[in-house]
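Colleague: no sequence on this one, just coordinates:
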């Protein structure tokens, strides 16, 4: 009989790439992870791992077993959800991940809605980049998370995580009060295409999120699609800081509509033909868990209350 906990370790090795990374994520020692995977190989009766230099990689049999592990663990998550639904009332800890700009814009209103509907729930929020959410959900560090993707940075396919849509919002170019005679700021953007809107800022300094984030990749790829490589001067993840820096002529940046509510007076905002889509993510099989369903419902109510009801994606999938 194959042990489910060891299947979980094998799946994490497949996703994270090294035994050390699996050990760190799941608070095991590397030797303990190796020992458990060796036991799993004996249970399976075929080699699941092979050495490749200093790394271990999955054999074809190992990759096949990971596919079955995904299905088994999803089924277990579904069982947990159904058992939770059999209990009276919704309560207990709910570990919530959020991208930074979702914090002030969505999270407080969502938690207020949850407190009113389900006072026994104990929400615990932590900021996390969308690129790390899948790892956090699989490791049990999160139960649910707000995530987003962009036109130029679509979410990577992940069979271990399910998502439901929440909000679609346009992106804006944020600049200072541009004049054609100020080469540090660049001329005012004109036109409708991405190249026409961003092209005038090809030689200006840029403000992006930190390297390795989806926001950074989105800004760089948008500029490349407009025909140039951005000259990045500042790297900050807080859109409020991006707007403040843009307002004083420190460069151009891209911000979502959600971040523009309290833009400085001196910032110029130009709508772009780009969009950011926010979603609620959770472990595959968890959509029927009462606490997850409650969070999704509260988040949609919160988004509607912000005045962006026309952008709210109301379908449940």
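Modeller: Now that the structure is in, tell me what you want to look at. All values reported here derive from a predicted model rather than from experimental measurement.
Colleague: what's the helix or strand for residue 165?
Modeller: Element membership for residue 165, per DSSP states H and E: strand 161-175.
Colleague: no no, residue 220
Modeller: helix 214-225.
Colleague: And the helix or strand just after that helix, what does it pack against?
Modeller: The helix or strand immediately downstream of helix 214-225 is strand 231-235, counting by DSSP H and E. Judged by 3 or more Cβ pairs under 8 Å, 6 or more residues apart in numbering; DSSP states H and E, strand 231-235 is in contact with strand 205-208. Backbone N, C-alpha and C define where each C-beta goes, glycine included.
Colleague: Show me what the strand it packs on pairs with in its sheet, parallel or antiparallel.
Modeller: strand 231-235 (parallel), strand 252-256 (parallel) (DSSP bridges).
Colleague: Quick one: closest of those to residue 112.
Modeller: Nearest to residue 112 among these is strand 252-256; the distance by Cβ to Cβ comes to 22.2 Å.
Colleague: Buried residues in the closest one, which are they?
Modeller: For strand 252-256, a neighbour-count test (16 or more other Cβ atoms under 10 Å) marks 252, 253, 254, 255, 256 as buried.
Colleague: ok, back up a step: of all the strands paired with strand 205-208, which lies closest to residue 20?
Modeller: strand 231-235 (27.6 Å).
Colleague: hang on, residue 136 packs against residue 142?
Modeller: Yes - look at residue 136 against residue 142 with Cβ atoms under 8 Å: they come within range, at 4.2 Å.
Colleague: Overlap of the contact sets of the two?
Modeller: Here residue 136 and residue 142 have 97, 128 as joint contacts, going by Cβ atoms under 8 Å, 6 or more residues apart in numbering.
Colleague: do you know how far residue 168 is from residue 21?
Modeller: 33 Å (Cβ to Cβ, to the nearest Å).
Colleague: Same check on residue 124?
Modeller: Relative to residue 21, and taking Cβ to Cβ, residue 124 is found at 24 Å.
Colleague: Give me the below-cutoff pLDDT ranges for the stretch 201-317 of the chain.
Modeller: Low-confidence segments of the stretch 201-317 of the chain (pLDDT under 70): 305-317.
Colleague: for the closest residue in space to residue 248 that isn't next to it in sequence, what are its contacts?
Modeller: Once flanking residues are discounted, residue 248 sits nearest to residue 176: 6.4 Å by Cβ to Cβ, 6 or more residues apart in numbering. For residue 176, the contacting residues are 185, 246, 247, 248, 249, 250, 266, 267, 268, by Cβ under 8 Å, 6+ apart.
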